[in-house]
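J.: Pasted the sequence and its predicted model underneath.
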Amino acid sequence: MKEFDRMLDKYAELVVKVGVNIQPGQVLIVQSPIETVDLTRLIVSKAYEAGAKYVQVEWEDEQVTRIRYEKASDDSFGYYPKWQADMMEQLAEGGGAILHIKVPNPELFKDIDSSKVSTAVRAAAVARETYQGYVRNNEISWSLIKAPTVAWANKVFADLPEEERVSAMWDAVFLMNRVDHEDPVAAWREHIHHLQQSHERMNAKRYKSLHYRAPGTDLHVEMPEGHLWAGGGGENESGVYFVANMPTEEIYTMPLRTGVNGTVRSTLPLNLNGRLVEGIKLVFKEGRVVEYDAASGREHLTSLLDTDEGASYLGEMALVPHDSPISQMNRIFYNTGIDENASCHFALGSAYPVNIVGGTKMSKEELLARGVNVSLTHVDFMIGSADLEIDGELADGTIEPVFRKGKWA
């Protein structure tokens, strides 16, 4: 077996055994770009070897997606097929799992009317709200993974000769997912253990607020009573452990919905549904965004904030040391699932109910009453750097360092 084929085989086994952690008798849906067909076939094979009852592949093609935005009538974009949403709900209700090879092209919607994209994203979010509830509550196993496409590799590795870019991207994906280890599954178990130690340390502290400081950033963030830090992975409703994001280097919790005050600036570009937004500045008062700007793509940021009431509040705060393995690659990947693991970040929109005691059993109204943000959307943006300093405030008012110069203090 050639070295690349061996690495690809190990990667497929890793995402099946650690990512979605397929159990005997389970149904799996794989959402895959057509360019990643070789990896997808291996994943299907590994899933059946692990005992999957049935594996369905949903192929995605960027050119087909783009054609819709160029050719379809305006009333197309507010439509999302109910049967598609019903299928995802039935998968979740039947204890199935979903694996998404998520590789958004940062140039996909260049020169496309931003309102078309925003309308389509909102229509999908409304139709899939019930399904997303299963996902955010970790009721099912789900995992987002990465694999190279030509368009993405061309953007990230534009400094290399064109014929070397996809290969370089594969090397990066294998490295950030620890596939270069002799036993990637064992390497991941050790990595998850370290992340668990970090979030257990933060849970033991019970900070009531964090104060972020960096060039352009001075932000106070309170956390709700009973908040929980998490990281690495989690258990679904059946007690099966899975890893939702591969790679992952973060630990995360939720802010108090009305407890965010000050200014924050982004440090990396945001690929927002195939549209780039750079140089984000947000001003918060009592949790809500009251002023905002962006060096480029401001109109896309406006569309995001207009999604619903909750889109103007934070739902997630995540800590990632600036010396994380992905940060050390010193490259912007224009893919939030990777860039967020090189940098501390926040998310506008919905919180994860797993980040508060008893949250997965609460209704929307109960979550809001506890200070948990609820929204149709959830979009991470990166704020970490080598200059980031974070202080934690304990229950008795004591202030102590959490991050210094972008790293754990």
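T.: Arrived safely.

J.: Just the CA trace of stretch 372-381, in PDB.
T.: In PDB, the C-alpha atoms belonging to stretch 372-381 read as follows (Å, rounded to 0.1, in the frame of the first residue of the first chain):
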ATOM      1  CA  VAL A 372     -28.800  31.000  27.800                       C
ATOM      2  CA  ASN A 373     -28.900  32.400  24.200                       C
ATOM      3  CA  VAL A 374     -31.300  30.800  21.700                       C
ATOM      4  CA  SER A 375     -31.100  31.400  17.900                       C
ATOM      5  CA  LEU A 376     -31.400  29.700  14.500                       C
ATOM      6  CA  THR A 377     -27.800  30.400  13.800                       C
ATOM      7  CA  HIS A 378     -24.400  29.600  15.400                       C
ATOM      8  CA  VAL A 379     -21.300  31.300  13.800                       C
ATOM      9  CA  ASP A 380     -17.800  31.200  15.400                       C
ATOM     10  CA  PHE A 381     -15.400  34.100  14.900                       C
END
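
J.: average pLDDT across that stretch?
T.: On average, the pLDDT along stretch 372-381 is 96.

J.: same question, stretch 149-156
T.: Per-residue scores along stretch 149-156 average to 94.

J.: for stretch 310-329, same thing?
T.: Mean per-residue pLDDT for stretch 310-329: 95.

J.: any idea how far residue 370 lies from residue 240?
T.: Counting by CB to CB, to the nearest Å, the gap from residue 370 to residue 240 is 27 Å. Using the backbone N, CA and C atoms, a C-beta is placed for each residue, glycine as well.

J.: Compare the two and say which is more crowded by neighbours.
T.: residue 370 (21 against 17; other CB atoms under 10 Å).

J.: With adjacent residues omitted, what lies nearest to that one?
T.: residue 224 (5.9 Å; CB to CB, 6 or more residues apart in numbering).

J.: is it true that the one you found touches residue 356?
T.: Yes. Assessed by CB atoms under 8 Å, residue 224 is found in contact with residue 356 at 6.1 Å.

J.: Regarding the closest residue to residue 286 other than its chain neighbours, which helix or strand does it belong to?
T.: Leaving aside its chain neighbours, residue 286 sits nearest to residue 258 (5.0 Å; criterion: CB to CB, 6+ apart). For residue 258, there is no host helix or strand (DSSP states H and E).

J.: what sits up against stretch 4-18?
T.: By CB atoms under 8 Å, 6 or more residues apart in numbering, the residues outside stretch 4-18 that reach it are 1, 22, 38-39, 42-43, 45-47, 50, 99, 143, 145, 170, 173-174, 177, 179-180, 184-185, 188-189, 233, 242-243, 246.

J.: what about burial for those, which qualify?
T.: Neighbour counting with 16 or more other CB atoms under 10 Å marks 22, 39, 42-43, 46-47, 50, 99, 143, 145, 170, 173-174, 177, 179, 184, 188, 233, 242-243, 246 as buried within the contacts of stretch 4-18.

J.: Restricted to helices, list these.
T.: Cross-referencing the buried ones among the contacts of stretch 4-18 against helices under DSSP state H gives 39, 42-43, 46-47, 170, 173-174, 184, 188.

J.: Closest one of those to residue 29?
T.: Comparing these against residue 29 with CB to CB picks out residue 47 as the nearest, at 10.5 Å.

J.: Relative to residue 134, how far out is that closest one?
T.: Relative to residue 134, and taking CB to CB, residue 47 is found at 20 Å.

J.: same thing with residue 161?
T.: For residue 161, the distance to residue 134 - CB to CB - is 45 Å.

J.: Which two among the ones in helices among the buried ones among the contacts of stretch 4-18 are spaced furthest apart?
T.: 47 and 170 (21.3 Å).

J.: residue contacts, residue 323?
T.: 406-407.

J.: before we move on, what about residue 29?
T.: 55-58, 88, 91, 96-99 are the contacts of residue 29 under CB under 8 Å, 6+ apart.
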